[in-house]
Each structure stands twice: as structure tokens, then as C-alpha cells.
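# Generate coordinates for the sequence data below:
(2 chains)
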Amino acid sequence: MVRAPVTQEEASRFLLQATMGATRADIDKVMTLGFEGWIDEQMAMPREISHWDWLVSVRVEGDRSYISGTGYGWDQTIWRQLIGGQDQLRQRVGMALLDFLVVGMDGVTGSWPTMQVAAYMDVLMDNAFGNYRTLIGQITTSTAMGSFLTYLDNRKGDPVSGAEPDENYARELMQLFTLGLHQLNMDGTPLLAGGEPIETYGSDDVAQLARVLTGLTYANADKNTPDRLRLPMIVNESIHEGGASTVLGATVSGPGATAIPAALDIIFRHPNVAPFLALNLIKRLTSSNPSPAYVASVARTFVDNGRGERGDLAATVRAILLHAEVRGPGALTNPSAGRLRDPVQRFTGWARAFNAVTAGKWKIGDLSAITKLGQSPGRSPSVFGFFRPGYSAPGTQVSGAGLVAPEFQLVNEQTVLSFINFMYTTVSGGVGDVKADYTEILAKATDANALVDEVVLLLAAGQLPPATVAAIRAAVASISLSKSDGLINRVGVAIMLTLASPDGLVLR
Amino acid sequence: MHLNQHHSRRSFLTRSAQLGLAGVAAPLVNTLGWIGEAAAASASDYKALVCVFLYGGNDYANTLAPYDDTSYAAYLKARPSVALTREALAPMLLRPDQALPGGRHYALAPAMAPLLPLFDQGKMAMLLNVGTLMEPTTKAQYLAKTVRVPPKLFSHNDQQSFFQASHPEGAATGWGGRIGDLVAAGNGSATLTCINASGNAVYLAGRQAIPYSVSGSGPVPLLRNSKTLFGSATSADTLRQLMTGGGQTLMADDYAKVVRRSLDTYAQVNAALANAPEDNFGLFPDYSLADQLKLVARMMSVSSDLGVKRQVFFVSMGGFDRHNGLVTQQPNMLGAVAQSMKAFYDTTVTMGIADRVTSFTASDFGRTLSADRDGSDHGWGGMHWVVGGAVKGRQIIGKPPIVGSNTPDDVGRGRLLPTTSVDQYAATLASWFGTSDGELTTVLPNLAAWDRSSWNLGFL
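Take a look at the predicted model:
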């Protein structure tokens, strides 16, 4: 097949959707391999060292604080991989999954929360190009999810005390992880009956599924090491509800070891899973308002990857990234198109574009304070994540047009300025022990135009309007090179002005 | 599920914890006296509504516990693993002016002790079984599905939204914002009508009114007030110009609009708050919620500088989704809420505007009466409270739900079918704030389903 060569702007646009940030080297690679060739290479790439193993290796070096407590080491290992990992497509898909299959550090209870979240992220990463049914199964038996959504040691009902099974996971598994509240057509639009949306499940389904999801507990009783936190939970049949339960119209019964997978099979077969997952992943990778045709195309791939397999995430991700709606030029002139890059992506975008390196152990820390990014991986305050896929900020043009902009849930009068302030400090002096290495970009800084074009390419895929580029060029050129810090200041200004431009934050 | 409250970094000011109303006058008059003066100028024509949202769905039964023999026995039977003891509840027994029918009695959670004096002094009212409804609903109607009920009951995000906006997730406006729409024109700074001290919430979005968000420490200065960017004044100017300029997409344009609002308002708010230094607001304990309420108090103290007469505020705290740790965690959280709301009320007293400020609680939903194991599950109706100088306190308002399962008030596991709607609750607050009867149905579209005589619950 003859294909038009990929331009550097097209390559950067693709990388800003498929990775945690574009680099000059990756742009060149995409231009060489093409989009599909690059995806093939990435999907064939083995994982980085697992989060778990890295933390254990650091502990072996003698600093136990990395694995204890709530997240000192977690922040280090996640930033290390997001910024420095070669398996960038997996990193990006892993973050997209974590965005809606949420576990948040501060809601994880029990010993070694850091190791629990690390093990959970490893499940997402290991399955990022695997099968969604397998992923849901492994999430269900993850101790981190078990404690975060409070079903670890969930007991069957007790007629004496009146205690009932905890419904927390049963509800969120269906609402947030697999089905959503309303029945959907394959193209993601709601299925209507008499003009009204149809609920996907009822309170009875939640209660019945909660009965099935009883009995899950640690794989062993060893409390002295974190080891059991990465093992799948097992069923303690003595507290599992063994009777028949009817979920979504199908009945399961018997020991938990068979009833739980059977219930997950029922959910996985529900027709909503395909459009629900298509919408969730598209919104986090490429587009906040995909057309029904785009959603349907991705959903069909989820239903059948071409080899009869349902739930193939590799094929689904490929379909999302290669669709004409986000690869073709149409979106570039459509004012309703695009997606606001979230604060973490803007930060890692900077770090990757300018070769951020650590002086030691990636001590960037938790950036979720509103004086920082207001968002940080694995630090969501609730299972609803940092933003909801259906969020449409009141009083905006987006909401007026009937569209959504999920990432705007983090946008307000204070966060828009805090972001600039945080990035100013970071671009200047780094964060923690992580600093940019501007050597490469400094080579362009004598030529203001060349410098700005490269920065705008790396951070915003060259999507700034000409007037904005001209304004940035003028500001950069106004900085005299007669002083010793002239070159580096030019680099800093080019970066900050690109990050400050709203057009640079919304990628189409 | 939501997180526990975040304690703020500043040190804990112990004196606030023990101060009763009597204690306020003497030691604090010196530090706070001049604030009273500042506020006095506008006090004659100022009103504020403060929504305290408890994210996650607060457990109703351990917030306001049944106390009379029969009800307590039913409560204990329904949730033996998480019930509060009668001994712990005894000092918290509420003695309303008008006894409840049927010999019913309630006691506040022991952790809410800081609020008990306010109830006794008539500055706080309790509301029974308040929840989201679309029209008056009996259990028979609910079971037969012959009336409309809010969609997606028991779902956090949707019921949060329904409580705030009378519509599930995706609502365009909330009733706080719709109340704001009606008063914004009377404010010198319309932008400062609806103020959120805890991020974003649909509650404060009006048809015209746009909420202004400000953090507990006040507005953030761009570039921390530096006039240069990497030493370049030109570049700092360009930065401002680019951030506020029009965008080539709807999203970029919307983003720039938020930046413009932020920069336009910063100088005004920052200058005004400079006249209300944090140190002068020493009653507040060390919780995020208290920080938010302190900011609200500081803003109110400079309302005349800001040219505002009517304000709607929103503060919040997460962590109430106690599927587990109900007994260990909820008391800490209710304690934080009680201490923070008490400190806020006492501060308004010192400022001389207590009767012009009403704060009230809201939450996703109440929870089940039956326990999971050491927690409870998503429910519907819940218990709420209102605090302020204008409140007709020492009242327990509403119909005491019969405690137990399969009662007329129970729709499963002790989930309460609300007998007081959020619309009636909101209408009472809005009426006090100045919303006319004619405007109420605009603010609260579902209110018309209730008989007009029941719109005002009588706590203000």
C-alpha cells in the first residue's frame, strides 16, 4: 500500500495522542515507520521493569521508605516510567485505563498501600494490549481494588445481624468499569424507549452481583512481607454467598471460584461494553467528542478484532489511533474538535520533549495539590477520577453546543494560573531531582523562529495559529543574546508561551 | 468512594475547639473587633447562603441517631456492628422546643458536640429525612412506579448532581446559581455572586451567573506577581495576552475566558482580602473545610469593599462514602464538620452578621440502615442541619422515619424514602435569601409538584 509520507506535525500530533509526550527522536521514528509501523514496534516491545520489581530493587538498595507508607515510592516509579519509559504507547494506554479504572492511593487501606497500587498499575500495564475480560478479572482479584472499593473480605449476608454484602464494587464495576448507566447503541448514542434512555441495570442487579462478589480475600496469611499484595485474591468460601444470584437476567450459583468468573462473563457479554469502552478510551486518547461513526468503528473492533476475539485491547487501541477522524486533516479546521490535554500530560510532555533526567530517583512526588498540577497519577480522590467523561462545564461554549470537555472539570480561576506558576518553576529549575536537559534545543536558540517552531512542534504539534506563533517569536527575539543567559531564557520563554496559549493546550 | 478530609498544613489553633459562644466575646473582641466594624457598613443589607457539601453520602443513622427506647432498640437491631451506644448518645440528646410526635427522640452524633450548644441556643435546626424527589412519593407509589423519581438513585455522581441541580450528572445549572442569577444585578461585582471555595460544582452555575472559584488561601497571582518572564517584561506581557486571547477552538476559547475572569478579578479580590488578614480569623481549626469557611468569612468581611450584597457560597468535604470504617472514620469527619461550622458561626457573630448568614448541609444521599460489615451502603434520604442567626433553631423538622426494615419509610435495607424534598429545603433557604414565591419555581422547577403551603419548612 502506498501511503503519503508522514509530516513532522502529523507525527507529533499522533505522538501527543499515543504517548506521554513527543520527542524529536520519536517524531523522526514515526516519520520513518509510519503510524502503523510505530504501533507495531511499540506493541511488540516488552514492558519496562514492573513497578513492583523496581520498588523492590530500590528497597534492596537500602531505602525501605520507597515501599512503605502512602506513595513516596509510587510517585517515583510512575513518573520514572511515564517520562523515561521506552514503551510509551503502553504508558499512555495504562494511564487512560487508570483514569477510569480508578484506584487512588489515599483510599487504599491495609499495609503497604504503595505496593498495592504498584501491583494494580502492573495489572493495567500487563493487560494494556491484552483482553478486556482478562483485565476485568485481574482487577477484580487485585488487593488494591479490593481495599479501595471495600470488598476485600466482603461477607455474605447475616440474617442474625441483618448485615448485607457490601455493594460498592458491584455498583462501580457496572457503572464505571464496564456498562455505564444507560443502554447504548454501538455508536455510543443512547438507546431510547419512548424518547427516554433505558437504564442498564437496576438496584436488584447491584444487590445480586454484590452477593456473588463475596468472599474475596488475600491469597495467604503472610503479613510480614508485601508479597501477597501482588497475588490475585482468592475466595474464602466460608464467607461467600453460595446461593443462586441473578445478574442482568442470568443466574450464577455455586462456589465463588466459579460464580465470580461466571458473573464477570455475563457482564463482559453485555452489548454495552463495546461502545462504553470505545467512548472511554477515545475520550482519553484522542477526542472529547468523537462522531458516532468513529465510536461505532472502534466498538466493532472491540466486538471482533478480525479473528473472532471479543475484547482485544490492542486492536481497539489501534482502531482509535488510526481512525481518519483523528489522523486526517478534518479536525484541524473544526472548531468543535479536540481534547484539552490534561495537566499531567502537559507536564510529561515538557519532560519528554526536553529530555528530563533525574539526579537520582525521580523524586517528583505527588503533584495533585492545587498549587501544583491539581492532578497526579494514582492520586484520584475518588473512584470517579479527576474528571468525568460526560463533564461539560456550565456556561461554556462547549456546553452550549451540546458537547463535553471532561478535562475542564479541573479548570477554574485558580488552577489555570497555578498551572502556569508551577510550570514556570519547573521549566526553570526542574521539580524534585528531575531537571530538563536543554542541550539539544539550545542549539536552535540563536534563531528565534527555528527555536519557536521546534518548541511548538514538540509541545503542541505545530497547531498554534500563525498570529500566536508570531507573537511568541517576537517575544523570544526580544531577548538579547548579549547576556550569558540569553539563550536559555529564550528557550524558557518559548516553552512557557506555548504552554500558556490555550490553543497549545487543546490538541485536535 | 471519597477520601478522608485533608488536614491543612497550618498548625492547629486549640483555642477554637473549646470556645463556646460565651467565650468569644472576651478574648477575641480585640483581634476581631475591627472586622466587625468593617462588616458593619454593609451588614444592614447583606445576606449569604453557604452550602456545606458532604461528598460521598453521609450515613444518616449515625449522624442523628434514634434515641427513644423503641427506636433505639430497632436501630441497634438493624446495625449492631456499627451502632453508637446509648451511653455515648445520652449527652447529645436533642431537646427541641416542640416534642416530636409518638414520643420520638433523637441524639446527635457525639462527634458533633460543638454544634449542640447552637441547637440549644436556637441557632441550629435539624431536618429529618431530606432527599432528592421529583414529586411527593409514597412507598406504594415508589414500588408501583406510578410517580417520577430522580433517575439513577444511589449513584454518587448523579445524586450529587441531583441534590445540587435537580438533574443528574450533566446538569447545566444548579439551584445556588439560579438563586444567584436573581441577585447578581444588585451586586457591584456580579462575578463575585457565586463563589466556590472548593473547586468546581454545578450547584453554583446559573443561567447567567458563572461561579468564581477561589482557594482557601485566596486568589492565585499569575507568575507569583513577577512582572517578567525569564527576566523579560515583553515576554510576560505576551504571556498574559496569549492566555487571555481568543482561541481557535471552542475549548481554547472557553479556557481563555476562565483565565480572563481570573486575571480580571484577581486584583480586586486580592486587594480586598488584604484588609481581612487570615490572622484575624483565629477561630478556625485545622481542616480543609475550615480553611474554606475561613475564606468565606474573609470574603464576607470585605463585602462592602467588593460591592456585593448577596452571595452564594459552596464549600465541601469528601470521605463520607463509608462502606467501611464507619465507626472509626465518620466521627472524625463529622467532628471536623461540626468544629468548622461552629467556628464559622462564631466568627459571623463576632463580625456582627450572624443573622445575615445561613449555612446548611447537603450530601449525595443518605445511606442504608443495615450495615455491610463495618460500614453502610448507598441510600436515599438523609439528615441535614442548618446553622445561622436567622435560623429558627431548637427545632427538629420533618417526619421522623420509622426505624427498621419494611417500614413505610424504607425502600430496602433501611434506605429512607425521603419525606422532605431537597426542593422544599432549598425553597425555604431561597425565600429567606429573598427569592420571591413567583421566582421559586424558576429556581426549583420540581417545587410546583408540592402544595404551596408546604414550600416553606419554617426553619428560617
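# contacting residues for the closest residue to residue A:164 other than its chain neighbours?
Closest residue in space to residue A:164, ignoring its immediate chain neighbours: residue A:157 at 5.0 Å, by Cβ to Cβ, 6 or more residues apart in numbering or on different chains. Any C-beta I mention is one placed from the backbone N, CA and C, and that applies to glycine too. If you count contacts by Cβ atoms under 8 Å, 6 or more residues apart in numbering or on different chains, residue A:157 has them with A:163-165, A:211, A:241.
# for residue B:307, same thing?
Contacts of residue B:307 by Cβ under 8 Å, 6+ apart are B:187-189.
# Of those - the most surrounded one?
residue B:187 (19 neighbours; other Cβ atoms under 10 Å in any protein chain shown).
# Got phi/psi on residue 343?
Reading this off chain A. Main-chain dihedrals, residue A:343, degrees, to the nearest 10: phi -60, psi -40.
# so it touches residue A:418, yeah?
No. Judged on Cβ atoms under 8 Å, residue A:343 makes no contact with residue A:418 at a distance of 9.3 Å.
# can you list residues touching both of those two?
residue A:374.
# Which of the two has more residues huddled nearby?
Taking other Cβ under 10 Å, residue A:343 and residue A:418 do not tie; residue A:343 has more neighbours (25 against 21).
# Now do the contacts for the residue lying closest to that one once chain neighbours are set aside.
Excluding the flanking residues, the one nearest residue A:343 by Cβ to Cβ, 6+ apart is residue A:373, at 4.0 Å. By Cβ under 8 Å, 6+ apart, residue A:373 lies in contact with A:343-344, A:347, A:367, A:419, A:422.
# out of these, which is most surrounded?
In those, the most neighbours by other Cβ under 10 Å go to residue A:347, 29 neighbours.
# any idea how far residue A:436 is from that one?
Residue A:347 is 12 Å from residue A:436, where distance means Cβ to Cβ, to the nearest Å.
# same question, residue A:80
Residue A:80 is 16 Å from residue A:436, by Cβ to Cβ.
# So which of these two has more stuff around it?
residue A:436 (22 against 19).
# Please tell me I have it right and that one contacts residue A:427.
Yes. Applying Cβ under 8 Å, one finds residue A:436 in contact with residue A:427, separated by 7.1 Å.
# anything in contact with each of those two?
With Cβ under 8 Å, 6+ apart, residue A:436 and residue A:427 have common neighbours residue A:350.
# that older thread, for the residue nearest to residue A:343, which three-state class applies?
Per DSSP: H, G, I helix; E, B strand; the rest coil, the local secondary structure of residue A:373 is coil.
# Tell me how many other residues surround residue A:351.
24.
# which residue sits closest to it, ignoring its sequence neighbours?
Nearest one to residue A:351, counting by Cβ to Cβ, 6+ apart, is residue A:83 at 4.5 Å.
# Can you name every helix or strand that the helix or strand harbouring that neighbour contacts?
Per DSSP states H and E, residue A:83 falls inside helix A:72-84. Using 3 or more Cβ pairs under 8 Å, 6 or more residues apart in numbering or on different chains; DSSP states H and E as the contact test, the elements touching helix A:72-84 are helix A:51-60, helix A:88-100, helix A:113-126, helix A:343-353.
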